[in-house]
Structures are given as C-alpha cells and as structure tokens.
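In: Generate a structure from the sequence data that follows.
(one chain, ligands or ions: 1)
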Amino acid sequence: MRIGIDIGGTTVTVGMLDDNSVINKETIKTYPKDGADKVIKRINLTIQSVIDQSGACLSDISHIGIGCAGMLDRSRGTIIYSNNFGWKNVLLKDKIQKVFPLPVYLENDANCAALGEYVAGTGKDYNSMVMVTFGTGIGGGIIFDDKLFRGNNGFSSIIGHLLLVTDGELCTCGRKGCWEAYGSVNALVKDAGELADQNPDSMLKKLSDRDGELNGKNIFEAIRQNDKAACELFSKFIHYMAEGVTDIVHVFNPQSIIIGGGISEQGEIILEPLRELVLKYTYCGATTMPVIKTASLGNEAGIVGAANLDKYHD
Ligand SMILES: [Zn+2]
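Out: Okay, the predicted model is just below:
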C-alpha cells in the first residue's frame, strides 16, 4: 500500500491506495496562513488517521508521495517558495519522515494530477499525454514515453503562460497576453461579466442577478439554453482554448490531450467544437491530431499521481 497526498491552497487530501484504488481518504482545510509547521502537523495527524482507518500498519506502506504547488527542490524534498501558501524554504520531506520513517517523494501538484490521469484515468491507454487543466489559471503536465517531462530543473509545463496575444491582456504573472489571461475559467467569468452588463436582457445577466455572481456553472447553463450573449462568449472562449491546445500539439505531437479542471465536467459541449477547431488550426490538418478527451479521476487525480511518484522519480 502507499499514501498519496495533494496539498492545495484551500484543502489537503491524504489518501491510502492499494495499487491505484483509493481505499480511503481524508480532506482537511489547509489554512496556509497558520504557518508551515502547524499545517504539516495537521497533515501528519491526518496521515495517521488514514492509516488507522484503513487498518494498516506502517510496515504495510511502501512510501508517501506528495503533490504540492510552488517551487520545489524535489531531491531535498523542500518547498523553496510557494506563492499560494506564502511559505519559503519549508523542509516538508524531513518533517513528515520524522513521524513516518518511509521514503517520501515530492512533485508539483499539476504534474501529480497529470500522472494520476496517465496511470489510472483517461490517459492510461496512451504512452504520451499532455494534460491541460482549465481553472483559475491554465496548468498542465506532460508525459512522454512513460516519463514525466520536467525540463531541466522541474519548471517545465507552465503552459498557461504560452503567449496568445502580443501585448495583450495583463496576466497574473506580470507578462501581457498569456494564454490563461484568455482561456482560463477566470478569464471566461470576467468576459461574461462585461457581456452581461452590456446585454441587460440576456440570460447571462439574469443568472448573474439570480446567483449574485457569474461562475463556470451558470455561464454554461446560459450556453446550454442558447442565450445569444453566452453563445457568442462561448465561441470566443473555445477559440482561445483551441489556439493554445494547437500550439501544444505542434510542439509535442502527443497521442492524447486530456482536459482537466472543473470545466471538463461539461464534456462534449466543449470537446466537440474544441476538436473541430484544433483540427482546423493544426499544421497539415489531420496528420498530427491527438485524441482529445476529458479527465476522469476528478480531484482524486492528484493523490493517485502522488502515490505513483516512486516509479516516476528521477
Ligand atoms: Zn502569464
């Protein structure tokens, strides 16, 4: 058995896995502002609780894999800096091994989610895969020839910051025109808000008033009901998604592109026009088209990927 942990800015999930099946898991709030020591203490208590609940003892567990956002030193098992948590130089691996003397592997959270989909989700039938996660930003993970692609020192795959528009919208990274400033769910919500204000009779505006805000869910409710403003917005959004995905296809020529994040719940309403546009935009047409599908593990992808880090660690 092995343990997979997904440390996010809002929640931490600790899972016990037998092969790739999650036997049991617990999710706690992160509260990163409490400081790294307190948060890691809570994570250690949760690991113990998950071990107890699964009826296992320490000798049954081969290792602990951890996915975490931020700049990591994987060989030392430290978080060098995490913007999400406001942490610097946190000796995560040491602090966990002090309580649980097991091999501990650390990897960034986006790579763990991609690895999870690759070993046990939609990507399991392909030996090369790029996962693209559309959420607050756009994240990704790349697996090639059964290897996690990390670049020179683990900072590859920052695909949300591919350039879409020269001198375009200001991105959260400080550069202008990044893909995620156009194709993320945050960008979609921002554009929807402007459209709703310009079109007071639209369903977008009604749903915004009803729910007190626009979000991924109610925007797609308006799209499904063929609201004119929402459909215009959707066409533009799919175009932005497809432009970035096409660049990924051109660089990596992968067998599969797996779409993750909350937006993947929308399924074919996104996939069908996305496939159509990527085919249209791709150099030489169909010759380089990958399979484009949605992720299937949801928020368990991170713990499944983390639990597999022993086989994908260099
Ligand atoms: Zn950027």
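
In: For the residue of the stretch 1-150 of the chain found nearest the ion, give me its contacts.
Out: Using C-beta to the ion, residue 137 is the residue of the stretch 1-150 of the chain that sits closest to the ion, at 8.1 Å. Every residue, glycine included, has its C-beta placed from N, CA and C. The neighbours of residue 137, taking C-beta atoms under 8 Å, 6 or more residues apart in numbering as the test, are 160, 172, 180, 184, 186.

In: Tell me the secondary structure of the second one, please.
Out: Pointing back at residue 172 there. coil (DSSP: H, G, I helix; E, B strand; the rest coil).

In: which non-adjacent residue is nearest it?
Out: residue 137 (6.9 Å; C-beta to C-beta, 6 or more residues apart in numbering).

In: Equivalent analysis for residue 43, please.
Out: Residue 43's closest residue in space is residue 12 (C-beta to C-beta, 6+ apart), at 5.8 Å.

In: where does that neighbour fall, phi/psi-wise?
Out: Phi and psi for residue 12, reported as degrees, to the nearest 10, are phi -120, psi 130.

In: ok, it - how many residues close by?
Out: Residue 12: 23 surrounding residues under other C-beta atoms under 10 Å.

In: what do you get for residue 156?
Out: 15.

In: Give me the below-cutoff pLDDT ranges for this structure.
Out: 285-287 (pLDDT under 70).

In: Just the strands from it, written as ranges.
Out: Per DSSP state E, the chain carries strands over the ranges 2-7, 11-18, 21-29, 64-68, 71-73, 78-82, 87-90, 104-108, 128-134, 138-144, 147-148, 256-260, 291-294.

In: At the contact with the ion, which residues of the chain appear?
Out: Within reach of the ion by C-beta under 5 Å from the ion, the chain has these residues: 161, 171, 173, 175, 178.

In: nearest residue to the third one other than its sequence neighbours?
Out: The one in question is residue 173. residue 161 (5.5 Å).

In: roughly how far apart are the one you found and residue 248?
Out: 13 Å (C-beta to C-beta, to the nearest Å).

In: so where's the longest helix in this structure?
Out: Criterion DSSP state H: the longest helix present in the chain is helix 228-252.

In: Counting by contacts, list what that helix packs against.
Out: Secondary-structure packing of helix 228-252 (3 or more C-beta pairs under 8 Å, 6 or more residues apart in numbering; DSSP states H and E): strand 128-134, strand 138-144, helix 180-183, helix 185-198, helix 203-211, helix 216-224, strand 256-260, helix 268-281.

In: show me the contacts for the residue nearest to residue 91 when sequence neighbours are not counted.
Out: Nearest residue to residue 91, sequence neighbours excluded (C-beta to C-beta, 6+ apart): residue 78, at 5.4 Å. Residues in contact with residue 78 (C-beta under 8 Å, 6+ apart) are 72, 89, 90, 91, 92, 93, 106.

In: Please, a PyMOL command that selects the buried ones among the residues you listed?
Out: To isolate the buried members of the contacts of residue 78 in PyMOL, using 16 or more other C-beta atoms under 10 Å:
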select buried, resi 72+90+91+92+93+106
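
In: Looking at the contacts of residue 78, which two lie furthest apart in space?
Out: Maximum pairwise distance among the contacts of residue 78 (C-beta to C-beta): 13.6 Å, between 89 and 106.

In: Tell me who's in contact with the nearest residue to residue 27 once chain neighbours are set aside.
Out: Closest residue to residue 27 apart from its sequence neighbours, by C-beta to C-beta, 6+ apart: residue 13 at 4.5 Å. Residues in contact with residue 13 (C-beta under 8 Å, 6+ apart) are 5, 6, 25, 26, 27, 299, 302, 303.
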